[in-house]
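Engineer: need a structure here:
(chains A, B, C and D)
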Number of protein chains: 2
Amino acid sequence: MVKEKANQDTETQILNAAKDVFQKKGMDGARMQEIANEAGINKAMLHYYYRSKQLLFEAVFNNAFSLLAPELNKILNDDSAVEDKVRNFTSNYITFISKHPYLPNFIIQELNRNPKFFEKIQQNAAFPTLDKFKAQVALEVEKGILKPIDGEQLFINIISLNIFPFIATPLIKGLLKVDDKGFKQLMEKRKIAVSEFIINSIKK
Amino acid sequence: MVKEKANQDTETQILNAAKDVFQKKGMDGARMQEIANEAGINKAMLHYYYRSKQLLFEAVFNNAFSLLAPELNKILNDDSAVEDKVRNFTSNYITFISKHPYLPNFIIQELNRNPKFFEKIQQNAAFPTLDKFKAQVALEVEKGILKPIDGEQLFINIISLNIFPFIATPLIKGLLKVDDKGFKQLMEKRKIAVSEFIINSIKK
DNA sequence: TTGCGGTTTAACCATTTGGTTAGCAAAGAT
DNA sequence: ATCTTTGCTAACCAAATGGTTAAACCGCAA
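Structural biologist: Residues are numbered from 1 along each chain as shown, chains lettered A, B, ... in the order given. Model (predicted):
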């Protein structure tokens, strides 16, 4: 059927438009009409393919989380040493997020709005768990590679240092009085600065 | 006049109710009717005292920012040594934010929604600047008290480590599989863990 | 007691918004 | 050639929402 192609086309076109609008404006701020406009189609099509705003939103959200999860897994379920993980994750994550600037804020914001979402995405394949990372940190502490530190706290520190600046971009720009270009330069420096900062702190 | 008291009463009652609703649901998600209900008054009163949703929102936002700004100033414009600042700020901030859990997310979210807000609040008295802190860090680095580090990056690191967990609470709860009580315990530990982590990294 | 000012309310209004519907167009099946 | 299914649109609908208004209320001064 030729329709199947057209079908697929408009369906993904809707999803892409929805991604844009939802990630910029959030569930509450997004308007179905705006998504339709951005997709260049009739508003009724949104309901034809996704039934409701809620379901369209969930499609976008799952999509976004599926993009973020593998990034987290890099630091959680990879086999390299903690030090290497930190270096790789920091550099990779900042590169990754520069391509998807709205992503972390979107996920965190909507998770705050409706914490129950977590139950849904936990069923998602490749959902990150902390078990391996915790064991690994404990082992390296025991071996004397790392100073004593709790794996959970270390994990929180790593993602805080990497994610926060991209969530609080306007705040940081304002406090540091830098423009878009200056901010990007700061983030570029952080690819190394953050991992140095972390490793300085934990390596014996 | 007795009215002035009643006047003040309802006006602040409105502001308090608005604070609650706006901070939980954001500008887009908040409903004037819900604010009125929470304040126990007629919806028309909101407009009588604050003219529009936008103006009521701005009153709440300025109020919230005025609460956060002094916290930031503690680390920026205080006279103690960097190490002491880090210890005090970390401990104080986590205590402070536990009392205002919605605050940082609210500010950051709304700043993302409308970055122009910054221009307005910059006119606010006691708006934090980074100049003194940067100079101080440079000086302590020169003196050999601290390892070489950029003041701006250090500042970003400090606020990232302290603020992020409270913005991404549902994400962290989900990934670490802890409940409300477990999360609070983690944050309690962070009062010391975070400052140790930072100082470990920067002190020579 | 009456009149005046600020305060408060119920009812109302215009617009927005998510969602529906009836029908059209086009392509495959019979 | 006709029927059926599928993609698609214009027009429509009911509910929600920010905001307004006219009138009532109430303490006070004259």
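
Engineer: how far is the helix or strand of chain A with the lowest mean pLDDT from where the chain is centred?
Structural biologist: Sorting the helices and strands of chain A by mean pLDDT, DSSP states H and E puts helix A:117-122 at the bottom, at a mean of 81. The chain centroid and the centroid of helix A:117-122 are separated by 15 Å under C-alpha atoms, centre = their mean, to the nearest Å.

Engineer: okay, now the domains of chain A?
Structural biologist: A:1-51, A:58-202 (the TED database).

Engineer: among the ones you listed, which is the most enclosed?
Structural biologist: domain A:58-202 (a mean of 18; mean count of other C-beta atoms under 10 Å in any protein chain shown). Any C-beta I mention is one placed from the backbone N, CA and C, and that applies to glycine too.

Engineer: Show the pLDDT at the nearest residue to A:I149 once chain neighbours are set aside.
Structural biologist: Take A:I149 and drop its neighbours on the chain: the residue closest to it by C-beta to C-beta, 6 or more residues apart in numbering or on different chains is A:I202, 5.6 Å away. Model confidence at A:I202, given as pLDDT, is 97.

Engineer: Pull up the gap between A:I202 and DNA strand D, please.
Structural biologist: 48 Å (C-beta to the nearest atom of the strand, to the nearest Å).

Engineer: I'd like the domains of chain A as JSON lines, with distance to B:R113 appended.
Structural biologist: Shown next, in JSON lines, are these (distance: least, C-beta to C-beta, whole Å):
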{"stretch": "domain A:1-51", "distance to B:R113": "7"}
{"stretch": "domain A:58-202", "distance to B:R113": "9"}
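
Engineer: mind listing the helices for chain A?
Structural biologist: Secondary structure of chain A by DSSP state H: the helices cover A:2-29, A:32-39, A:43-50, A:53-76, A:82-99, A:103-113, A:117-122, A:131-142, A:151-167, A:169-176, A:180-202.

Engineer: A:I199 is in contact with A:E83, correct?
Structural biologist: Yes. Between A:E83 and A:I199 there is a contact under C-beta atoms under 8 Å: 5.7 Å.

Engineer: Next, show the common contact partners of these two.
Structural biologist: Counting by C-beta atoms under 8 Å, 6 or more residues apart in numbering or on different chains, A:E83 and A:I199 have no common neighbour.

Engineer: and the closest residue to A:P70 other than its chain neighbours, what does it touch?
Structural biologist: Closest residue in space to A:P70, ignoring its immediate chain neighbours: A:A126 at 6.5 Å, by C-beta to C-beta, 6+ apart. A:A126 makes contact with A:S66, A:A69, A:P70, A:N73, according to C-beta under 8 Å, 6+ apart.

Engineer: Would you mind listing the residues in contact with the last one?
Structural biologist: What it means is A:N73. A:A126, A:P128.

Engineer: how about a cut-off of 10 Å?
Structural biologist: The contact partners of A:N73, by C-beta atoms under 10 Å, 6 or more residues apart in numbering or on different chains, come to A:A126, A:F127, A:P128, A:T129, A:K132, A:F133.

Engineer: and the gap between the residue nearest to A:I149 and B:S195?
Structural biologist: 15 Å (C-beta to C-beta, to the nearest Å).

Engineer: Same check on A:V21?
Structural biologist: 41 Å.

Engineer: State the mean pLDDT of stretch A:131-145.
Structural biologist: Mean predicted confidence for stretch A:131-145 is 97.

Engineer: er, stretch A:25-38 actually
Structural biologist: Here the average pLDDT along stretch A:25-38 is 98.

Engineer: That one and DNA strand C, are they touching?
Structural biologist: Yes. Stretch A:25-38 reaches DNA strand C (C-beta under 7 Å from any atom of the strand) through A:A30, A:R31, A:M32, A:Q33.

Engineer: Tell me if I'm right that the last one and A:L46 touch.
Structural biologist: If I follow you right, that is A:Q33. Yes. With contacts counted by C-beta atoms under 10 Å, A:Q33 reaches A:L46, the gap being 9.2 Å.

Engineer: pLDDT below threshold where in chain A?
Structural biologist: A:1-8, A:125 (pLDDT under 70).

Engineer: Return the residues in contact with the residue nearest to A:N16 when sequence neighbours are not counted.
Structural biologist: Among residues not flanking A:N16 along the chain, A:A39 sits closest, at 7.4 Å (C-beta to C-beta, 6+ apart). A:A39 makes contact with A:10-18, A:20-21, A:45-46 under the criterion C-beta under 10 Å, 6+ apart.

Engineer: wait, does the least confident helix or strand of chain A make contact with chain B?
Structural biologist: Yes. Using C-beta under 10 Å from any C-beta of the partner chain, helix A:117-122 reaches chain B at A:F117, A:F118, A:E119, A:I121, A:Q122.

Engineer: can you name the two of those residues that are farthest apart?
Structural biologist: A:F117 and A:Q122 (9.5 Å; C-beta to C-beta).

Engineer: Need the overlap of contacts for those two.
Structural biologist: B:G174.

Engineer: The contacts of A:N73 into a markdown table, with extra columns for distance to B:I172?
Structural biologist: Shown next, in a markdown table, are those (distance: C-beta to C-beta, whole Å):
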| residue | distance to B:I172 |
| --- | --- |
| A:A126 | 19 |
| A:F127 | 15 |
| A:P128 | 12 |
| A:T129 | 13 |
| A:K132 | 18 |
| A:F133 | 14 |
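
Engineer: May I see the residues you listed organised as CSV, with distance to DNA strand C added?
Structural biologist: CSV is the format used below for those (distance: C-beta to the nearest atom of the strand, whole Å):
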residue, distance to DNA strand C
A:A126, 29
A:F127, 27
A:P128, 31
A:T129, 34
A:K132, 40
A:F133, 40
